[in-house]
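Student: Have a look; sequence and predicted model below, questions after that.
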Amino acid sequence: MGRSTFSQASYKTATRAFVPDHGPATSRAEQEARITGKLDPLVDPAGYGVIRRSLPRFEERSDGTWEMTIGTPVPVETRVDTTGSMGGNVDVAIRVLPDAFGLCSDVLPGCDLQMATGIFGDCVDRFVLCRPQFEMEAEKLVKQLTLMVPERNGGGNGGEDPHYGIFGAAYLTAAYINRIELKGYDFTISDEPARYQLDERELKRIFGDEVFEKVKANGFTIDPDNLPSTKEVVQALLKRAHAFFLEVSGRESTHSFWLDVFGPERVVVLPSTEVLPQVQAVIIGLTEGTLELGQVTEFLTANNVGTSDAEAILRSVSNIPIGAQAALPNYDRRPQKGDVFKEKTDLWPMSPSEVADLEPVAVSTEPTDESGPNWL
Amino acid sequence: MTSKIYVVTDLGPGDGGKGGVVHKICEMMKAHTVIKRGGAQGSHGVRTSTGEQFAFSQWGCGTFSGIPTHISEQMIVSPEGLLNEAADLRYTHGIHDVFSLLTVDERALCATPFHGIASRLKELARGNNPRGTIGTGVGEAYRSYQQQPDLAIMAGDLKSPDLRDRLAAIREQVRSDLEIVVEGEFLAKDRAILSEETALLQDDGFLDYVVGRFTEASKQVQVVSYDFLSEKILTREGVAVVETSHGVLTDRLAGFHPHTSAIRTLPCFTHDMLKSAGYEEQVINIGITRAYAIRHGAGPMPTSSSMMKNRLLDGSAKNENRYQGKIRVGPLDFVLLKYAIEACGGPATFDGLAVTWFDQILADEVWEMCHTYNGADDPNFFSPLGAIKFDIGAEKEQLKRQSVLTERLYGCSPVVSRCPISMEASKVDLYDVCAETMQASVDVPVRMISFGPTELDKLCK
């Protein structure tokens, strides 16, 4: 249910309401976390039932069927490194949010873009991961970003721990788009390598003691005594998302680690987090087939990316699986705004002939109990 | 004009299956509104044939069907709970505009987190002699309102510029109320909670948090004027449903004191509300009972059976907790059921019964029931045939009487009879068995039997 979505006006209202005039946007949440030792449940990976959901939005019609209000929901999950020099990334994410939503919407025409931008740190931190809910309204998106608790200092141990966030994306996400055998998008942004192995204790610390039950409830089975490696988690993620690593640093150790984990076609250069929206939109557009490689440079420069950065990005995205979403069998069957579903939980809308056959609701001036259903 | 209103009343101590029954009626009758009464602490479970599942507290059980909820003046609302429930519905069920499905009468009393703390600490102070509470502070808010009405926050006050002062005053009232309580003896296992909760009452940061949440609620909730029910809801064509929290056996005066709610749960209060709103059309009264007895928390339950608990409770989604206490089940207690019906005005009050969870009886292959107790021999409280006498008087005397009745019930033991149930029997046959038994025992026709969790599992006649 619902049809509201991102707008500039609501973004401005939200930033006035949630972002303090001075200091980091997350300062209130950081102070709160120092007192309580907890994250707000909206961004706590263990909050709201652990599983993050991306669901279609409907409104009920007078005949009891359900009309899709926006289009097929496309979840875009992003995890941003906020350790060390990347500590200001939440503020950047808030600043560029209108671009992120606008540009990604442009390359996902007719879809219901649902974004979840979180952050990750290091296992030595109190909070390794902040994982928000999928949202499409500026107020909710801004609010969630301000609830993040970045640790900023980095573990100083030669790597960060984004693989726990990737684990959540792979096994603890329930998205309608996967039910119709299409994929959402997933981006990990960092300037550091990660680790090849996950730790059961960390999984429980981050997602709660019932993490494996939740994974099972979401349709996967994981043996706590034989956890998948980071590479295997990425492979699991690729079954439900077009996933990419966006590399900020250009450092060899970082580059080689992520090449090994994601493969060369899924590691893309990101000149700076300021241009994250543009790079994400290019990747999504190329994957969806709504943007051609030949249009990338013009698209980027038209959206405030410098020429040399645009060229570097173009070189980097040339190798991604272009058209991968468009090549999936159900791409052209994606439900559209206005499609009618018999039940909200149905996979596919009713056919036009089925909708036409729906009996019109009688408008009667007689009392309903005489003309309508009757029980007692 | 609304032509018919279904008033759904739980004839037990709660947990009767109101959620599923209200959802069924909403679906079957295409209700235009669910009107809520009672308290925000209710948890009415709904499971739909399309796989959705949720325990509703303040939104009505027609929400999955897109049916709006109106929180009436007879509901104690929790603004904090509204935000939490809305977030749950948004993030677990994709209902993004759930506040558009809700209106709240400006006269609805608000419970605050400070009332919740008071409720929980008072329960902890009872040590091993619990009264049983959900601990959200609804009862405390009501009692506080009775003592100092000027301190109360109504839904219409949520946008008041002096909201912080009002919340601070409530906090002060709660602190003062708890002064003696917190000096008492507490169980060792409860001391950490005691210290956390009392710290919150001293913490101005927590007050700021509460103010922030109430302010947020004031922005989200459509608070409507007192005449919204009469002018906007009852003028709509079709059918409405009144969903009341709790059950008759936890009614403040008819229930078994002190194991009761502050809320009045009898259908006559719903009737009064509808009459005050000028409604003169048809009212259908549905009484709900499980096919066996259940009680979540302290209070008399003569048929309690630990053997049945192990067999039946699997899947009921009821969890034990420190405040509500243990869950007990037992053979269907017709003595209590008849008492509840009598408290509502007698069998003629009801147009029909909805008997829930009959599938568990079916799985058990035997329907155990109790028509009389051993030990029910105090003529002040029991008839010669063993029925509990219902009497209602002025509040103070009534509570004394109910308190003694509670003690008498603790001294009773059930005489249990067993009716074999064949797993091969058709639902129609089972319906007949159930209907005949219920009609003979309580003189109210059965009009709905639940053979499973979803609306498709409920057979109506």
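Tutor: Ah, there it is.
Student: and residue A:254, which of the three is it?
Tutor: helix (DSSP: H, G, I helix; E, B strand; the rest coil).
Student: Then residue A:187?
Tutor: strand.
Student: Setting the sequence-adjacent residues aside, check what's closest to it.
Tutor: residue A:78 (4.5 Å; Cβ to Cβ, 6 or more residues apart in numbering or on different chains). The C-beta positions use only the backbone N, C-alpha and C, and glycine is treated the same way.
Student: so the one you found sits in a strand?
Tutor: Yes: under three-state DSSP, residue A:78 falls within a strand.
Student: ok, what's across the strand from it?
Tutor: For residue A:78, the beta-bridge partners are residue A:117, residue A:187 (DSSP bridges).
Student: separation between it and chain B?
Tutor: Residue A:78 sits 18 Å away from chain B, going by Cβ to the nearest Cβ, to the nearest Å.
Student: Mind telling me what element residue 91 is part of?
Tutor: Picked chain A for this. helix A:89-95 (DSSP states H and E).
Student: nope, chain B
Tutor: helix B:79-93.
Student: Show me where the stretch 101-250 of chain B has its helices.
Tutor: Assigned by DSSP state H, counting those that start in this stretch, the stretch 101-250 of chain B shows helices spanning B:113-125, B:138-147, B:163-182, B:191-202, B:204-220, B:228.
Student: avg pLDDT for the helix holding residue A:91?
Tutor: For helix A:89-95, mean pLDDT rounds to 92.
Student: swap in stretch B:281-290?
Tutor: Mean predicted lDDT for stretch B:281-290 stands at 97.
Student: How far does it sit from its chain's centre?
Tutor: Distance of stretch B:281-290 from the chain centroid (Cα atoms, centre = their mean, to the nearest Å) equals 15 Å.
Student: likewise stretch A:54-67?
Tutor: Counting by Cα atoms, centre = their mean, stretch A:54-67 comes out at 23 Å from the chain centroid.
Student: List the buried residues for it?
Tutor: A:54, A:55, A:56, A:57, A:58, A:65, A:66, A:67 (16 or more other Cβ atoms under 10 Å in any protein chain shown).
Student: What of stretch B:59-70?
Tutor: Buried, per 16+ other Cβ under 10 Å, within stretch B:59-70: B:59, B:60, B:61, B:62, B:63, B:64, B:65, B:66, B:67, B:68, B:69, B:70.
Student: In those residues, find the pair that's most separated.
Tutor: Within the buried residues of stretch B:59-70, B:64 and B:70 form the most distant pair, 17.0 Å apart (Cβ to Cβ).
Student: Next one: the residue nearest in space to the middle of chain A from residue A:187, what distance?
Tutor: Centroid-nearest residue in chain A, with Cα atoms, centre = their mean: residue A:77, separated by 2.0 Å. Separation of residue A:77 from residue A:187 (Cβ to Cβ, to the nearest Å) stands at 7 Å.
Student: hang on, the earlier thing: could you point out which element follows the helix holding residue A:91?
Tutor: helix A:97-106.
Student: mind listing what residue 18 touches?
Tutor: Picked chain A for this. A:25, A:142, A:143, A:146 (Cβ atoms under 8 Å, 6 or more residues apart in numbering or on different chains).
Student: um, chain B though
Tutor: B:8, B:10, B:42, B:44, B:61, B:243, B:244, B:245, B:288.
Student: ok, and the closest non-adjacent residue to residue B:106?
Tutor: Nearest to residue B:106 is residue B:156, by Cβ to Cβ, 6+ apart, at 3.2 Å.
Student: What number of residues are in the vicinity of that neighbour?
Tutor: 17 (other Cβ atoms under 10 Å in any protein chain shown).
Student: quick one: contacts for it?
Tutor: Residue B:156 sits next to B:106, B:107, B:223 when contact means Cβ under 8 Å, 6+ apart.
Student: Chain A: which of the buried residues of stretch B:59-70 is nearest?
Tutor: Checking the buried residues of stretch B:59-70 against chain A by Cβ to the nearest Cβ gives residue B:66 as the nearest, at 3.6 Å.
Student: circling back: any chance of TSV for the contacts of residue A:18, columns distance to residue A:261 and neighbour count?
Tutor: Below are the contacts of residue A:18 laid out as TSV (distance: Cβ to Cβ, whole Å; neighbours: other Cβ atoms under 10 Å in any protein chain shown):
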residue	distance to residue A:261	neighbour count
A:25	30	23
A:142	31	25
A:143	32	20
A:146	31	24
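Student: Determine which two of these are furthest apart.
Tutor: Top of the distance list for these (Cβ to Cβ): A:25 and A:143, 10.5 Å.
Student: List the buried residues in the helix or strand containing residue A:169.
Tutor: Per DSSP H and E, residue A:169 falls inside helix A:163-171. Of all the residues in helix A:163-171, those buried under the rule 16+ other Cβ under 10 Å are A:163, A:164, A:165, A:166, A:167, A:168, A:169, A:170, A:171.
Student: Let me know the distance separating residue B:99 from chain A.
Tutor: From residue B:99 to chain A the distance is 10 Å (Cβ to the nearest Cβ).
Student: Quick check: that residue touching residue B:218?
Tutor: No: Residue B:99 lies out of contact with residue B:218 (Cβ atoms under 8 Å); the separation is 11.4 Å.
Student: between those two, who's got more neighbours?
Tutor: residue B:99 (20 against 16).
Student: In terms of pLDDT, where does that one sit?
Tutor: On the pLDDT scale, residue B:99 gets 95.
Student: Out of the helices of the stretch 101-250 of chain B, which is the most enclosed?
Tutor: helix B:113-125 (a mean of 24; mean count of other Cβ atoms under 10 Å in any protein chain shown).
Student: Who are the packing partners of that one?
Tutor: helix B:138-147, helix B:163-182, helix B:191-202, helix B:204-220 (3 or more Cβ pairs under 8 Å, 6 or more residues apart in numbering or on different chains; DSSP states H and E).
Student: run the last query once more with 7 Å
Tutor: helix B:138-147, helix B:163-182, helix B:191-202 (3 or more Cβ pairs under 7 Å, 6 or more residues apart in numbering or on different chains; DSSP states H and E).
Student: Apart from its neighbours in sequence, what residue is nearest residue B:378?
Tutor: residue B:408 (5.4 Å).
Student: neighbours of that neighbour, just the number please.
Tutor: Neighbours of residue B:408 using other Cβ under 10 Å come to 19.
Student: backbone phi and psi for it, please?
Tutor: phi -60, psi -40 (degrees, to the nearest 10).
Student: Write out the residues of the stretch 301-450 of chain B neighbouring chain A.
Tutor: With Cβ under 7 Å from any Cβ of the partner chain as the criterion, the stretch 301-450 of chain B comes near chain A at residues B:351, B:352, B:447.
Student: residues contacting the closest residue to chain A within the stretch 301-450 of chain B?
Tutor: In the stretch 301-450 of chain B, the residue that lies nearest chain A is residue B:351 (5.2 Å; Cβ to the nearest Cβ). Residues near residue B:351 by Cβ atoms under 7 Å, 6 or more residues apart in numbering or on different chains: A:376, B:284, B:285, B:286.
Student: and of those residues, the nearest to residue B:273?
Tutor: Nearest to residue B:273 among these, with distances taken as Cβ to Cβ, is residue B:285, at 13.8 Å.
Student: I'd guess that closest one is in a helix, am I close?
Tutor: No: assessed with three-state DSSP, residue B:285 is strand; it does not lie in a helix.
Student: isn't there a helix covering residue B:274?
Tutor: Yes: note on residue B:274: a helix contains this position according to three-state DSSP.
Student: if I look at it, how far off is residue B:242?
Tutor: Distance from residue B:274 to residue B:242, by Cβ to Cβ: 8 Å.
Student: more neighbours, the two?
Tutor: Using other Cβ under 10 Å, the more surrounded residue of residue B:274 and residue B:242 is residue B:242, with 28 against 23.
Student: isn't the more buried one right next to residue B:4, touching?
Tutor: No: the criterion here is Cβ atoms under 7 Å, and residue B:242 misses it with residue B:4 at 11.4 Å.
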